[in-house]
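Visitor: based on what follows, work out the 3D shape:
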Amino acid sequence: MAERGRAETSPTESGFEEALAIWADVLGLIVRLHEREADAELLTGLREADLPALFEALLTDADGRAVVRGFAETLALLPETPDAALLDDLAADYADIYLTHGYRVAPTGSVWMTEDHLERQLPMFEVREWYEHYGVTVPDWRLRSDDHIVHELQFVQHLLSLGTPAAALDAARFLDRHVLPWVPDFCARVAQQTRLPFHAMTNLLTRATLEALRDMLEALTGAEREIVPHAWKLQAERDQRAAEVPEIDRPYVPGMAESW
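Guide: Numbering: from 1, shown residues only. Predicted coordinates:
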C-alpha cells in the first residue's frame, strides 16, 4: 500500500533508487577511509566484510578488480588483532597525508585546480555554492575546507542518497566539475608516496570507485562526461595558441608600433 499522497513506486523507479542507495553506501565506506585514521574497529570490520564480493560487482573492469584484490590482500597481511604499534604507524601515515602535508600532496581541490596552487580559492567557493543549493554546510571550513576530499565525497554521497533523477544528474555534474578534475590525481600521488600499503590501496580503491560511479551515473541518467580541465590550464593553452599565431604584415599606424 502506498503512503497517502504519494504515488506508488514503479519497478523502474525502484531499481533506480536501489542502485543509487548501493553506491551511496559504498561511497560512505570510501569517505570513512579518508575521514580519519584507521582504528581497530575499522580494520576488523573491513576484514569481516566480503569486500571483493561487494566491490567486484561494481568495479567490473580488469583494473578495478585488480585494485579490489590488492586491497583485500593488504588487509589479509595485517594482524587479526591490530596492536598499538600498528595503529600508531597508521595514524602517523594518515597525518602525513591529510594533516601535516608531509607528502606534499594536498587533499583539497583549490591547490590542484588553480594556477598558484593555493588553499581556499575560487574552486572552494564554487563547491560551497553547490552545498548551499542543497542546504548543507561543512562544520568548520577553516579546519577542513569545503573542497576537501572528505567533504566533496560526502556531498556526492548525499546526492546519491536522495535517490532522485535530478540529484543523480547533479552528482554526475559535480563529479565532472569538482571531483574528477583532481581527486584521481591526488589518489595516484598518495599511492606512490605513502609509506604504508593500506593507504596506497585505499587511494587506488577510491580512484577506481569514482570512475566506476561516474560510468554508472552515465548509464543511469544518460549524462555524458564533461571534460573540465583546470581553469589555469585552459588559460595557459590560450596563451600558447596566441603566441603561435604568425605575424602578418600590417600598414604602419603612428603610435601603434616602433617607427625606427
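Visitor: which residues of the protein fall in helices?
Guide: Remark: helices assigned in the chain by DSSP state H are 11-35, 40-48, 51-56, 62-77, 84-98, 109-113, 122-133, 149-162, 165-174, 183-193, 197-221, 231-243.
Visitor: point out the most buried one among those.
Guide: helix 109-113 (a mean of 23; mean count of other C-beta atoms under 10 Å). Yep, even glycine has a C-beta here, placed from its N, CA and C like the rest.
Visitor: tell me the gap between it and the middle of its chain.
Guide: Mean-position distance between helix 109-113 and its chain equals 12 Å (C-alpha atoms, centre = their mean, to the nearest Å).
Visitor: also stretch 18-31?
Guide: Counting by C-alpha atoms, centre = their mean, stretch 18-31 is centred 13 Å from the centre of its parent chain.
Visitor: try stretch 141-159
Guide: 9 Å.
Visitor: what average pLDDT does it get?
Guide: In this model, stretch 141-159 carries a mean pLDDT of 96.
Visitor: check stretch 26-39 too.
Guide: Computed over stretch 26-39, the mean pLDDT rounds to 97.
Visitor: tabulate the CA atom coordinates of that stretch in CSV.
Guide: C-alpha atoms of stretch 26-39 as CSV (Å, rounded to 0.1, in the frame of the first residue of the first chain):
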residue,chain,number,x,y,z
VAL,A,26,29.9,2.2,-0.9
LEU,A,27,30.9,5.8,-1.1
GLY,A,28,30.2,6.1,2.6
LEU,A,29,32.9,3.4,3.2
ILE,A,30,35.3,5.3,0.9
VAL,A,31,34.6,8.5,2.9
ARG,A,32,35.4,6.7,6.2
LEU,A,33,38.7,5.6,4.8
HIS,A,34,39.7,9.3,4.2
GLU,A,35,37.9,10.9,7.1
ARG,A,36,40.1,9.8,10.0
GLU,A,37,42.9,7.4,10.8
ALA,A,38,42.2,3.7,10.8
ASP,A,39,41.3,2.1,14.2
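Visitor: quick one: residues in contact with that stretch.
Guide: Here stretch 26-39 makes contact (C-beta atoms under 8 Å, 6 or more residues apart in numbering) with 42, 54-55, 58, 87, 90-91, 94-95, 98, 107, 149-150, 153-154, 156-157, 160, 198, 202, 205-206, 209, 213.
Visitor: could you list the low-pLDDT ranges of the stretch 51-200 of the chain?
Guide: Of all residues in the stretch 51-200 of the chain, none has pLDDT under 70.
Visitor: try 90
Guide: 51-57, 80, 115-116, 140-143 (pLDDT under 90).
Visitor: which ones are touching the nearest residue to P197 once chain neighbours are set aside?
Guide: Nearest residue to P197 in three dimensions, chain neighbours excluded: T74, at 4.8 Å (C-beta to C-beta, 6 or more residues apart in numbering). T74 is in contact with 197-198, 201, counting by C-beta under 8 Å, 6+ apart.
Visitor: what of T60?
Guide: With contact taken as C-beta under 8 Å, 6+ apart, T60 is in contact with A212.
Visitor: quick check: it vs E211, distance?
Guide: In this view, T60 and E211 are 11 Å apart by C-beta to C-beta, to the nearest Å.
Visitor: just A188 next, same as before
Guide: If you go by C-beta to C-beta, the gap between A188 and E211 works out to 12 Å.
Visitor: swap in R173?
Guide: Taken as C-beta to C-beta, the span from R173 to E211 is 16 Å.
Visitor: can you check L169 too?
Guide: Distance of L169 to E211, given as C-beta to C-beta: 18 Å.
Visitor: circling back to that earlier point, among the contacts of T74, which one sits closest to T164?
Guide: Using C-beta to C-beta, M201 is the member of the contacts of T74 that lies nearest T164, at 33.2 Å.
Visitor: all set now, cheers.
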